[in-house]
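In: Pasting the sequence and the predicted model now:
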Amino acid sequence: MENLHDKRKVYEKSQLIESEIKQNPIEQFRDWFLEASENPNISEANAMAVSTVEEDGCPRTRMVLLKAYTYEGFIFYTNYDSRKGKSIERTHKACLHFFWPNLERQIIIKADLERIAENLSDGYFHSRPKGSQLGAVVSPQSHEIPNREFLEKKLKELEGKYENAEVPRPENWGGYIAKPYEIEFWQGRPNRLHDRIVYELVDGLDWKIARLAP
């Protein structure tokens, strides 16, 4: 057994205090996201963990790329028939998590999910590199396959088929918008007395802001 008791660091890069935060959490997210995007030590600021609950009651988490955000919510794309997609279709909920260790920050977002309009999914799908479009067609995401050659053979066939033609978006592939009802901002602080500010949506209209103990 490896002892990890001494694997720790001191958090002292910033602070999160009520007098400096935005009253709308999307605006607070925008400020933090822009800082993360401009930090040369963060390669993918839009990488986020998406957790859903499966039929056995156990959460399942995977990394996904955020592709857009608005005042309404956070948009990402996936295969609707994947384990992720099936969990979302069943519960219509997920938790998104951003962690930027170089900034000593994380954001936790609880949200209701729904599919975005098909024309928006079409637009994003056809903006992707052609190889990525073909990959979405080739892969029966989360389903068992015999071997890697199965994917490579199918990809080669489709490369020939669509060499001079537009790749149609699969009906089972598209976007979700995660509409938040709770967003927590976490800023590391010394002595493990971290700053935690949570925004909760009240009656679907106003955001209540509170500080949580670390």
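Out: Alright, I've got the coordinates. Numbers count the residues shown, from 1 in each chain.
In: C-alpha only now, for contacts and for neighbours.
Out: Fine.
In: would you list every one of the helices in this structure?
Out: Counting by DSSP state H, one finds helices in the chain at the ranges 25-38, 83-91, 118-125, 130-138, 148-161.
In: Send over the shortest one as PDB, restricted to the C-alpha atoms.
Out: In PDB, the C-alpha atoms belonging to helix 118-125 read as follows (Å, rounded to 0.1, in the frame of the first residue of the first chain):
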ATOM      1  CA  GLU A 118     -32.200  19.600 -34.400                       C
ATOM      2  CA  ASN A 119     -31.100  22.500 -36.600                       C
ATOM      3  CA  LEU A 120     -28.600  23.500 -33.900                       C
ATOM      4  CA  SER A 121     -27.300  19.900 -33.700                       C
ATOM      5  CA  ASP A 122     -27.000  19.900 -37.500                       C
ATOM      6  CA  GLY A 123     -25.100  23.100 -37.600                       C
ATOM      7  CA  TYR A 124     -22.600  22.000 -35.000                       C
ATOM      8  CA  PHE A 125     -22.200  18.500 -36.500                       C
END
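In: How about residues contacting that helix?
Out: With CA atoms under 8 Å, 6 or more residues apart in numbering as the contact definition, helix 118-125 has outside contacts at 77, 133, 169, 174-175.
In: 10 Å instead, please
Out: With contact meaning CA atoms under 10 Å, 6 or more residues apart in numbering, helix 118-125 is reached by 67, 76-77, 115, 127, 132-133, 136, 167-171, 173-176.
In: ok so, going back, how about the helices of the chain, which one is nearest D56?
Out: The closest of the helices of the chain to D56 is helix 83-91. By CA to CA, the value is 10.8 Å.
In: And that closest one, what's buried?
Out: Across helix 83-91, burial judged by 16 or more other CA atoms under 10 Å covers 83-88.
In: From the contacts of helix 118-125, keep the buried residues only.
Out: Using 16+ other CA under 10 Å as the burial test, those include 76-77, 115, 133, 136, 167, 169-170, 173-176 as buried.
In: from those residues, which single one is nearest F185?
Out: Using CA to CA, F76 is the member of these that lies nearest F185, at 20.4 Å.
In: TSV for the buried ones among the contacts of helix 118-125, including pLDDT and distance to T52?
Out: Formatted as TSV, the buried ones among the contacts of helix 118-125 follow (pLDDT from 0 to 100; distance: CA to CA, whole Å):
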residue	pLDDT	distance to T52
F76	98	14
Y77	98	15
R115	98	15
Q133	96	25
A136	95	21
V167	97	30
R169	97	25
P170	96	23
W173	97	18
G174	98	17
G175	98	16
Y176	98	13
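In: That'll do, ta.
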